[in-house]
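here is my input; please provide its structure:
(2 chains)
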Amino acid sequence: MPKHKPKRGNPSIDMTAMCDVAFLLLTFFMLTAKAKPQETVVVDTPSSISETKLPDAGILTILISKEGKIFLDMAGQHTRKSLIEDINSRFQMGMSEEQQIKFANAGSFGIQRKQLKQWLDLPPGERGTFPTEGIPVDTADVNKSELADWIHNARLAQFRMKQEGKVKEEYVMVVKADKDTPYPAVQKVINTLVDINVNKFNLITNTESDPGKKKGEKPAGEGK
Amino acid sequence: MAEMQTAESGGSKKKGGKKVRSKKMSTRVDLTPMVDLGFLLITFFMLTTTLAKPQIMALVMPEKDIKKEDIEPVKESKVLTLLLGANDKVYWYEGITDAKLDSTNYAAEGLRQVILNKKDKVKGQFGEEDYEDFKTKEPRKGSFINVIIKPTKEAKYKNLVDALDEMAICKVRYYVILDVSELELEFMKNPAGGLKFNVEEQIQAATQ
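Alright, predicted model coming up:
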């Protein structure tokens, strides 16, 4: 008996299922990918051989632009809300609830405290065009330095939130400066941090290959 | 799929009757390019999400209030001072007494060589010494140098990171960032004049 040859089907494969899978994955990656936070300044960081990765949550970033203007960005809406409530009551800024919520959702900011309300009333897209000199720093007197006040109280706010169980970690301090930032601007920030007893912080860098590792040899001296 | 096929066969029956229709095209769309596009985008998102995370470099600064009792003297011949100057130049000198100012750049054969030479020199002079591991407190052996990084006003942030990076590459265990002093600025302008550091004055200034 001859073999019964089944009717030959269309050789093209149905792509619908594969397409479904592809787009499902695409959607997943798009949603999990963190939207790049809107940054008021473009900062081109220098490179280093460091391989430590930036932690996911709980970072307080101090941005220093090419011109030496200082911006701040802190993670966590709860912390930001708590911080602005504190700032608002201490300096009697008279911010509305709406403005406080706007602050909690805003990204990085680099304005004087007295201009904060004005800045928050702008639509988020126009905030970048607001003329600013960055957050004022007073290196001579820490108590007058707005930067020191922001950082110190942000850490306190984060600590409060940690105790309330709303966040898991305390802030990791991160300095992100442009590679062409003049050193005095960086020095101001470092001095401010040391003044408020933040002696350990991190500098954001790009990756660069380690010349010691690349050649597979240890640099002379250590550990031989 | 099956439905589509029946639809097609139904269409062909009609064909003999009334209108002369052009051959009916299959309603199936070839999804291959769409899948291609989908996977291309997936690859893109996968790669960007993992690579976007920047690196950090930890930096520990000395405490602000240092007491005189806490100061531990270091051997002058182990100290290498780097003055980060303008236009990507590093000025460096060893020790304090009869310090000679020299300059180099941030290239691999520049600053790195200076540090490695210094390490070799110190190793030759002092040999291996006992020390305690910072974290584990284990006794270890090794030679070490003390590097003082002093960025001047003209230095860029990149210079500082480069210098710190060299510390990591050359595995320098003890380094510190300090402010540049007037005497050193003078020294940079006039290297022949020599460095007139007074150790006592320096300690006084640091601990006030």
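
excluding chain neighbours, what is closest to the residue nearest the centre of chain B?
The residue lying closest to the centre of chain B (CA atoms, centre = their mean) is residue B:165, at 4.8 Å. With CB to CB, 6 or more residues apart in numbering or on different chains as the criterion, residue B:165 has its nearest non-adjacent residue at 4.5 Å, and that residue is residue A:48. Every residue, glycine included, has its C-beta placed from N, CA and C.

so the one you found sits right up against residue B:57, yeah?
Yes - assessed by CB atoms under 8 Å, residue A:48 is found in contact with residue B:57 at 5.2 Å.

overlap in contacts, these two.
Shared contacts of residue A:48 and residue B:57, defined by CB atoms under 8 Å, 6 or more residues apart in numbering or on different chains, are found at A:203, A:205, B:161, B:164-165, B:168.

first-to-last residue distance for stretch B:60-80?
In stretch B:60-80, first residue to last residue: 19 Å (CA to CA, to the nearest Å).

and if you look at stretch A:163-173?
19 Å.

which outside residues touch that stretch?
Identification of contacts with stretch A:163-173 by CB under 8 Å, 6+ apart yields A:55, A:57-60, A:62, A:74, A:76, A:78-79, A:151, A:154-155, A:158-159, A:161-162, A:193, A:198, A:200-202.

identify each buried residue in whichever strand in chain A runs longest, please.
Looking across chain A with DSSP state E, the single longest strand is strand A:200-207. Using 16 or more other CB atoms under 10 Å in any protein chain shown as the test for burial, strand A:200-207 gives A:201-205.

residue A:48 and residue B:57: which has the busier surroundings?
Taking other CB atoms under 10 Å in any protein chain shown, residue A:48 and residue B:57 do not tie; residue A:48 has more neighbours (24 against 20).

hey, what's that one bridged with?
For residue A:48, the beta-bridge partners under DSSP bridges are residue A:207.

what sits against it?
Contacts of residue A:48 by CB under 8 Å, 6+ apart are A:203, A:205-208, B:55, B:57, B:161, B:164-165, B:168.

if we use 7 Å, what do you get?
Counting by CB atoms under 7 Å, 6 or more residues apart in numbering or on different chains, residue A:48 makes contact with A:205, A:208, B:55, B:57, B:161, B:165.

flag the least confident of the residues you listed.
Ranked by pLDDT, the contacts of residue A:48 bottom out at residue A:208, which has 73.

burial measure for it, as a count.
15.

ok, the closest residue to it other than its chain neighbours - how many residues close by?
Closest residue to residue A:208 in three dimensions, ignoring its sequence neighbours and counting by CB to CB, 6+ apart: residue A:47, at 3.8 Å. When counting by other CB under 10 Å, one arrives at 16 neighbours for residue A:47.

surely residue A:47 touches residue A:203?
No - with contact defined as CB atoms under 7 Å, residue A:47 and residue A:203 do not form a contacting pair (11.2 Å).

is chain A within reach of the longest helix belonging to chain B?
Counting residues, the longest helix found in chain B (DSSP state H) is helix B:32-51. Yes - using CB under 7 Å from any CB of the partner chain, helix B:32-51 reaches chain A at B:32, B:34-35, B:38-39, B:41-42, B:45-46, B:48-49.

from the residues you listed, which single one is nearest residue B:85?
Closest approach to residue B:85 among the residues of helix B:32-51 next to chain A (CB to CB): residue B:48, at 38.3 Å.

dump the residue contacts of the closest one.
residue A:33 are the contacts of residue B:48 under CB under 7 Å, 6+ apart.

show the average pLDDT along the biggest helix by length in chain A.
In terms of residue count, the longest helix belonging to chain A (DSSP H) is helix A:146-164. Average pLDDT, helix A:146-164: 86.

tell me the centre residue of chain A?
Central residue of chain A (CA atoms, centre = their mean): residue A:61, at 5.2 Å.

name the nearest residue to that one, sequence neighbours excluded.
residue A:73 is the one closest to residue A:61 (CB to CB, 6+ apart), at 4.4 Å.

okay, and the one you found sits in which element?
strand A:70-74 (DSSP states H and E).

which helices and strands does that strand pack with?
Other helices and strands packing on strand A:70-74, by 3 or more CB pairs under 7 Å, 6 or more residues apart in numbering or on different chains; DSSP states H and E, are strand A:59-64, helix A:146-164.

and residue B:175, which of the three is it?
strand (DSSP: H, G, I helix; E, B strand; the rest coil).

oh, I was asking about residue B:137
Secondary structure for residue B:137, judged by three-state DSSP, is coil.
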